[in-house]
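> No sequence on hand, only this structure:
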């Protein structure tokens, strides 16, 4: 086990009706905020009105900026930064999923620091300063509501880049599973893939003795898979199943599950190229690339993948032939993804395999990918080709 | 799943050599502190000298108060409060196990509030104010280093009482598993029992759908049991096994594992009477009373106890006869406790069964015990009698 630091200061407020606390929780910080959202389903569902009523009750004034899209755009972030500065706002309240929260984090970074906010995403500079962000979460997926991560797409490239900064961790996050009842099935499925991927990125490590966190990762993955099956078996409004997935979504990405180990993150980086070039949903990019990544690496670490197959996917025989057990695990994972409507191959996501060379080159712009096994451009290309088979 | 709030602000600094950071972490808060410890093994091992060197390097001045014993005494707490007030100290740094940390929390409470600090433990008043406490942990057990709990023994009764106050949660906790290599086996064993009990108190709930946290609890318990076996099989200086137990000790009691559910806590309350009257080590009181508590309740909730037997103790057949499977689980738990040198019956801890009546009466002083099943005095007495068999 490696030395580590762990601290997560986000206050989680979880359960039915909790969005009504947005106002009082915000008022503990400031009375002037940016209210940031998509302008889509959160408006139609009446959620934005309920949040506004809560803010009003608590005497909090807001300026509104909507229009956030999946793979949130840098141009809107710039707009938000200007607005926050001009209106002297002191907190950004995100109402939405990971895209809205990530966009809010970028605005909080840009408003509190001089210069171009994109420089943080290009790793040209770093900071310990940001305006506070808080979230009312509508999609269990990114775990951004209690993480230090933010991923933004710069349309000029297009480039999709992520940054991890402690100062962007939300001060509070409101999670009401009822808000996820009406999610379109594809969005629920993408969220499930994203949550599983956040755990898998941490789970696949070369650190030999991380038994407690291995157990926690495996247990969380099993709970997510079982409850996703419930939701996709007519359980769209099953509160408990939705609640398990939603809480798992936060825990998957709050860094508890990576204590004492180094995660991999190659699949996320490869997936970002699909999103940047083809606007593929983040979760779908992961349901395609994670199985391909495992298939490519199976001979490199068969016992680990066999354990994953046995503990998470119930594969028997893991002790006889590691590679066979590992492969059976990948099959089951692919079947699970397909069963909830996700692509597991590039073709199913309408991605043109002729651009694999370009994607591979872009993916390694900052150097080799991953930690479980360092991937050079030729490895990345081979993985994209497995996904194209 | 019930609505919940979850937030844990303790900064965990985990790993080899981390006690050298005590000074710099403390200096972020203040330069004048109370250094609180037992005066025993932490001095003999040279740890206190290393911590002092670290404080000195960081320009932190300290006043020292040692003499903390297991089942920490109120009289020493009073002494600490006077010292902190007189010397105008602004933080209490605990170097030791749960007793030292709990004593530090009580001092922090007493120094920041008017009146008698014992009133908080008697539930006569509450507060949101306390001086900050931090910890260098030497015994994985109580989880006090990131919890809101503090348990103190008032010699006047004697009464052993606990209080849960957010303001007492340590601001940082340094956990170096190397510091636990030299623990006497009995202390290691008591710690293991305490950690398992903290999870079991949360695990045994009547809340029907808490699947994610069930999985996390079960995984953590398996990891603790396996790694305890390693330590007790000649692995006293096995860093990884010690590290798994130490990190589990914090997670077991930081409230993550009770999100969405109500825990039980009857066994802890019954155990406190053994400690108050016979000075039984806390962990030993739990290795005696938890099996007895399960045996008494088995017919009341056999499926839950059967699941516990199957998932944590590897009992097969859980789906055929719940009561039989549950009983087999208790047998295995008792065998495990015995195998690491702990008592599972009152006689083994030299506790006089003639005082069961008195203990039962004292245990329910504040009303019935537990939430999994409310225990009246007659139930408590029956459980003590099972432990006396």
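Yep, that arrived. Just so it is clear, the model here is predicted, and its values are computed rather than measured.

> ok, for residue A:348, nearest residue in space, not its chain neighbours?
Excluding the flanking residues, the one nearest residue A:348 by CB to CB, 6 or more residues apart in numbering or on different chains is residue A:288, at 7.6 Å. The C-beta positions use only the backbone N, C-alpha and C, and glycine is treated the same way.

> count of residues packed around the one you found?
Residues within reach of residue A:288, counting by other CB atoms under 10 Å in any protein chain shown, total 31.

> Check which helices and strands the strand or helix carrying it is in contact with.
Taking DSSP states H and E as the criterion, the element that holds residue A:288 is helix A:282-297. Applying 3 or more CB pairs under 8 Å, 6 or more residues apart in numbering or on different chains; DSSP states H and E, one finds that helix A:282-297 makes contact with helix A:185-203, helix A:266-278, helix A:322-339, helix A:377-388.

> residues making contact with the biggest strand by length in chain A?
Secondary structure of chain A per DSSP state E: the longest strand is strand A:4-14. Strand A:4-14 has contacts (CB atoms under 8 Å, 6 or more residues apart in numbering or on different chains) with A:21, A:25, A:145-146, A:169-176, A:243, A:246-247, A:250, A:254-256, A:259-260, B:3-15, B:259-260.

> packing partners for the helix or strand just after it?
Proceeding C-terminally, strand A:4-14 gives way to helix A:22-27 as the next helix or strand, assigned by DSSP H and E. On a contact count with 3+ CB pairs under 8 Å, 6+ apart, helix A:22-27 meets helix A:47-57, strand A:91-96, strand A:133-137, strand A:172-175.

> out of these, which comes closest to chain B?
Nearest of the helices and strands packed on helix A:22-27 to chain B, taken as CB to the nearest CB: strand A:172-175 at 8.2 Å.

> What distance separates the opening and closing residues of stretch A:248-268?
19 Å (CA to CA, to the nearest Å).

> quick one: is it near chain B?
Yes: applying CB under 8 Å from any CB of the partner chain, one finds stretch A:248-268 touching chain B at A:248, A:251, A:256, A:259-260.

> Relative to residue A:40, which of those is nearest.
residue A:248 (24.7 Å; CB to CB).

> Residue A:245 is in contact with residue A:235, correct?
No: using CB atoms under 8 Å, residue A:235 is not in contact with residue A:245, being 10.5 Å away.

> Over to the spatially most central residue of chain A. Which of the three states is it?
Centroid-nearest residue in chain A, with CA atoms, centre = their mean: residue A:142, separated by 2.4 Å. The three-state assignment at residue A:142 reads coil, by DSSP: H, G, I helix; E, B strand; the rest coil.

> Retrieve the pLDDT associated with it.
Listed pLDDT for residue A:142 reads 92.

> again with residue A:71
Value listed for residue A:71 in the pLDDT field: 88.

> just checking, what packs against the longest helix seen in chain A?
Identified as the longest helix of chain A according to DSSP state H is helix A:211-231. Other helices and strands packing on helix A:211-231, by 3+ CB pairs under 8 Å, 6+ apart, are helix A:185-203, helix A:239-251, helix A:302-313, helix A:322-339, helix B:211-231, helix B:239-251.

> Swap in 6 Å and give it another go.
Under the contact definition 3 or more CB pairs under 6 Å, 6 or more residues apart in numbering or on different chains; DSSP states H and E, helix A:211-231 sits against helix A:185-203, helix A:239-251, helix A:302-313, helix B:211-231, helix B:239-251.

> The ones you listed: which one's closest to residue B:151?
Ranking the helices and strands packed on helix A:211-231 by proximity to residue B:151 (CB to CB) places helix B:239-251 first, at 15.4 Å.

> which other helices and strands contact that closest one?
Using 3+ CB pairs under 6 Å, 6+ apart: helix B:239-251 touches helix A:211-231, helix B:211-231.

> Now the ones you listed in a markdown table, please, with extra columns for mean neighbour count.
Formatted as a markdown table, the helices and strands packed on helix B:239-251 follow (neighbours: other CB atoms under 10 Å in any protein chain shown):
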| stretch | mean neighbour count |
| --- | --- |
| helix A:211-231 | 23 |
| helix B:211-231 | 23 |
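
> that older thread, just say which of the helices and strands packed on helix A:22-27 is most tucked in.
Counting by mean count of other CB atoms under 10 Å in any protein chain shown, strand A:133-137 has the highest mean neighbour count of the helices and strands packed on helix A:22-27, with a mean of 30.

> returning to what we had before: any idea how far the residue nearest to the centre of chain A lies from residue A:35?
Noted for residue A:142: a distance of 19 Å to residue A:35, by CB to CB, to the nearest Å.
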